[in-house]
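[1] Following is a predicted model, sequence given first.
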Amino acid sequence: MDLDAVTKQSVLHAKPDGLILQYGTAGFRTKAEHLDHVMFRMGLLAVLRSKQTKSAIGVMVTASHNPEEDNGVKLVDPLGEMLAASWEEHATCLANAEEEHLPRVLVDISEKAAVDLHQDAFVVIGRDTRPSSEKLSQSVIDGVTVLGGQFHDYGLLTTPQLHYMVFCRNSKGQYGKATVEGYYQKLSSAFVELTKQAFCSGDDRRTLRVDCANGIGALKLAEMRHYFSQGLSVQLFNDGTKGKLNHLCGADFVKSHQKPPQGIEMRANERCCSFDGDADRIVYYYHDADGQFHLIDGDKIATLISSFLKELLLEIGDGLSLGVVQTAYANGSSTRYLEEVMKVPVYCTKTGVKHLHHKAQEFDIGVYFEANGHGTVLFSKAAETKIKQLAKESEDEKRKAAKMLESIIDLFNQTIGDAISDMLVIEAILALKGLTVQQWDALYTDLPNRQLKVKVADRQGISTTDAERQVVRPPGLQEAINALVKKYRLSRAFVRPSGTEDIVRVYAEADSQENTDSLAYEVSLAVFQLAGGIGERPQRGF
Ligand code: G16
């Protein structure tokens, strides 16, 4: 390791005095102007991680659902997963080291993680469409090259595409071709194969309206749509030509405000969907003939997918296990429906796909979705082998079901939640089952729910336990929440510090929207009073 060269280069990417950042729910995130040093240092870290794992490592420059002025970085491990938890700590140490300590911290990490410094390193880089992203990805490249790492810069990519590229490279092409074209072809052929029965009757092209959050999803979907156009026609809105990224549009806006994005033309009872800024989340919605808005979030997506998979598993009858993983944000009705009606085991983890992903790996088939629309389905190696064997050897109905499962395995991005891949899976299931968006929505009725944000001086002052459903600190806050929850029927509330924004999130659900809104407001006030709220006090009314 040429530490002198690192020191010289690092001066060009100097850390602002006193700035401390944490590797949060999905990497580092803050205002773009504070991130140059973090990007350079994550380039360094990616080289060390690559040497240690003897594999390609990914670096994605994006702040996903955050406002356009923010930026961030997500590191991707060899199998396309989020960075291992032990390396998150290294990332935080490296990002916060003062200039003069940087060489020592690099040596410390190499020693602690037993990095073989003679090993080659390879880093793949992608970025979203934020104005700051190009320059910041150059800072990543500076970090990679100063430690002698090789790199491939894919330029503009969705986050899930970058995860896919990393896994393709490390699986030596077995998962797919590590090119954008390879990604389009893999997903589109699986979609066409899966839906050929549904569309074989001729001109049955279905139209879906897609709000692309003015982000990278628009560019990629525009490139990809002709690959699957025989089965699905997508109409793009908020494609980035006019509006600002994630502003009054996108999956996060639609889910948290429970209203349609600006800039989309909706028609009564026709389905629409929204991606977020880096196209790793998706939510669906429609409005009915009376103009009432209906949101179909990650929970209902998980339910649709699980019930389809369960039917196919019953057909093949091979005893493969299916489990669903959610977070505390999952609507109570969805959990009840999955457990009591569908008889599927459901587990709750902390927020962050990294947590859900690992839990889902415990099943033959693990379905994981956050209510915000971030999720995918994982198939174990054993399940995949079994399904492929049945698709070749068994007869008739069993074979047909196994072949469908085979296509579904290819259609899901098994490295991470992926809005494009999820959209194609959902469209395929709706087409195959002949389901309208209303029928899908009617699977169960969501309990009214509300999410709010509270600003506090130091959100790290709040700590939680029990998959973030209980507050441990500050003292008295959980007791206050318990007392408020008791006032309402079918009620539940929790608070947790966000790992992507400088706020505390509040979630509430209850028997009516009015009660839910009151509960959410009262809990916000308790957070404001007991956890050091700053700025404007929470207000009633939404
Ligand atoms: C990221 C994570 C998600 C998480 C979301 C919000 O999404 O990947 O798993 O649900 O942040 O996290 P928090 O509540 O901690 O702010 P994205 O789409 O922004 O990368």
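    Done, it's in.
[2] Tell me who's in contact with the residue nearest to R225 when sequence neighbours are not counted.
    Closest residue in space to R225, ignoring its immediate chain neighbours: V234 at 5.2 Å, by CB to CB, 6 or more residues apart in numbering. (Each C-beta comes from the backbone N, C-alpha and C, glycine too.) Going by CB atoms under 8 Å, 6 or more residues apart in numbering, V234 touches T207, L208, R209, V210, L221, R225.
[3] Separate out the buried members of those residues.
    Buried members of these, scored by 16 or more other CB atoms under 10 Å, are L208, R209, V210, L221, R225.
[4] Throw the residues you listed into JSON lines and include secondary structure, thanks.
    Converted to JSON lines, the buried ones among the contacts of V234 look like this (DSSP: H, G, I helix; E, B strand; the rest coil):
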{"residue": "L208", "secondary structure": "strand"}
{"residue": "R209", "secondary structure": "strand"}
{"residue": "V210", "secondary structure": "strand"}
{"residue": "L221", "secondary structure": "helix"}
{"residue": "R225", "secondary structure": "helix"}
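[5] For L94, state which of these is nearest.
    L221 (35.3 Å; CB to CB).
[6] For Y285, pull up the helix or strand it's in.
    Assessed by DSSP states H and E, Y285 sits inside strand 282-287.
[7] which other helices and strands contact the helix or strand just after that strand?
    As assigned by DSSP H and E, the chain's next helix or strand after strand 282-287 is strand 293-296. Judged by 3 or more CB pairs under 8 Å, 6 or more residues apart in numbering; DSSP states H and E, strand 293-296 is in contact with strand 282-287, helix 437-441.
[8] which of these is buried the deepest?
    Mean neighbour counts were taken over the helices and strands packed on strand 293-296 using mean count of other CB atoms under 10 Å, and the top value, a mean of 25, falls to strand 282-287.
[9] Can that one be said to contact the ligand?
    No: Strand 282-287 stays clear of the ligand (CB under 6 Å from any ligand atom), getting no nearer than 10.6 Å.
[10] what lines up beside that strand in the sheet?
    strand 272-275 (antiparallel), strand 293-296 (antiparallel) (DSSP bridges).
[11] Would you mind finding the most buried of these?
    Highest mean neighbour count among the strands paired with strand 282-287 (mean count of other CB under 10 Å): strand 272-275, with a mean of 28.
[12] is the ligand contacted by that one?
    No: Strand 272-275 is not in contact with the ligand by CB under 6 Å from any ligand atom; minimum separation 9.9 Å.
[13] How far off centre is that strand?
    14 Å (CA atoms, centre = their mean, to the nearest Å).
[14] For the strand holding Y285, what is the distance to the chain centroid?
    For strand 282-287, the distance to the chain centre is 17 Å (CA atoms, centre = their mean).
[15] mean confidence for that strand?
    When pLDDT is averaged over strand 282-287, the result is 97.
[16] circling back: in CSV: the contacts of V234, plus distance to D422 and pLDDT.
    Shown next, in CSV, are these (distance: CB to CB, whole Å; pLDDT from 0 to 100):
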residue, distance to D422, pLDDT
T207, 18, 91
L208, 12, 96
R209, 16, 97
V210, 12, 98
L221, 13, 98
R225, 16, 95
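[17] Could you look up the next helix or strand downstream of the helix or strand where I408 lies?
    In this assignment (DSSP H and E), I408 forms part of helix 396-411. Going down the chain from helix 396-411, the next helix or strand is helix 419-433, by DSSP H and E.
[18] Assign the residue in the stretch 51-200 of the chain that the ligand sits nearest to to helix, strand or coil.
    The nearest approach of the stretch 51-200 of the chain to the ligand comes at S64, 3.3 Å away (CB to the nearest ligand atom). S64 falls in the coil class when you classify it by three-state DSSP.
[19] ok, the residue positioned nearest the centre of the chain to the ligand distance?
    Residue closest to the mean C-alpha point of the chain, counted by CA atoms, centre = their mean, is H374 at 3.8 Å. Distance, H374 to the ligand, by CB to the nearest ligand atom, to the nearest Å: 5 Å.
[20] just to revisit the earlier point, now mean pLDDT too, for the strands paired with strand 282-287, in CSV please.
    Formatted as CSV, the strands paired with strand 282-287 follow (pLDDT from 0 to 100):
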stretch, mean pLDDT
strand 272-275, 98
strand 293-296, 97
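[21] Columns distance to A480 on top of those strands, output as CSV?
    Shown next, in CSV, are the strands paired with strand 282-287 (distance: least, CB to CB, whole Å):
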stretch, distance to A480
strand 272-275, 34
strand 293-296, 29
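[22] Low-confidence regions, the stretch 301-450 of the chain specifically.
    Low-confidence segments of the stretch 301-450 of the chain, defined by pLDDT under 70: none present.
[23] Strands of the stretch 251-400 of the chain, start to end?
    Shown for the stretch 251-400 of the chain, the strands assigned by DSSP state E, counting those that start in this stretch span residues 272-275, 282-287, 293-296, 322-327, 346-349, 365-369, 375-379.
[24] Make TSV from these and add distance to A56 to it.
    TSV is the format used below for the strands of the stretch 251-400 of the chain (distance: least, CB to CB, whole Å):
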stretch	distance to A56
strand 272-275	26
strand 282-287	27
strand 293-296	36
strand 322-327	27
strand 346-349	27
strand 365-369	24
strand 375-379	21
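[25] before we move on, back to that, in its sheet, what does the strand or helix carrying the residue nearest to R225 sit against?
    Assessed by DSSP H and E, V234 sits inside strand 232-237. Paired strands of strand 232-237, with direction, are strand 206-211 (parallel) (DSSP bridges).
[26] Close to the ligand: what parts of the stretch 401-542 of the chain are there?
    Residues of the stretch 401-542 of the chain lying near the ligand by CB under 6 Å from any ligand atom: S498, G499, T500, E501, R505.
[27] Restricted to strands, list these.
    R505 (DSSP state E).
[28] Could you report the pLDDT at E98?
    93.
[29] hmm, I was thinking of S233
    93.
[30] ok, now F542?
    According to the prediction, F542 has pLDDT 64.
[31] What residues of the strand holding V234 count as buried?
    Using 16+ other CB under 10 Å as the test for burial, strand 232-237 gives L232, V234, L236, F237.
[32] and the two most separated of those residues?
    Comparing every pair within the buried residues of strand 232-237 by CB to CB identifies L232 and F237 as the most remote, at 15.9 Å.
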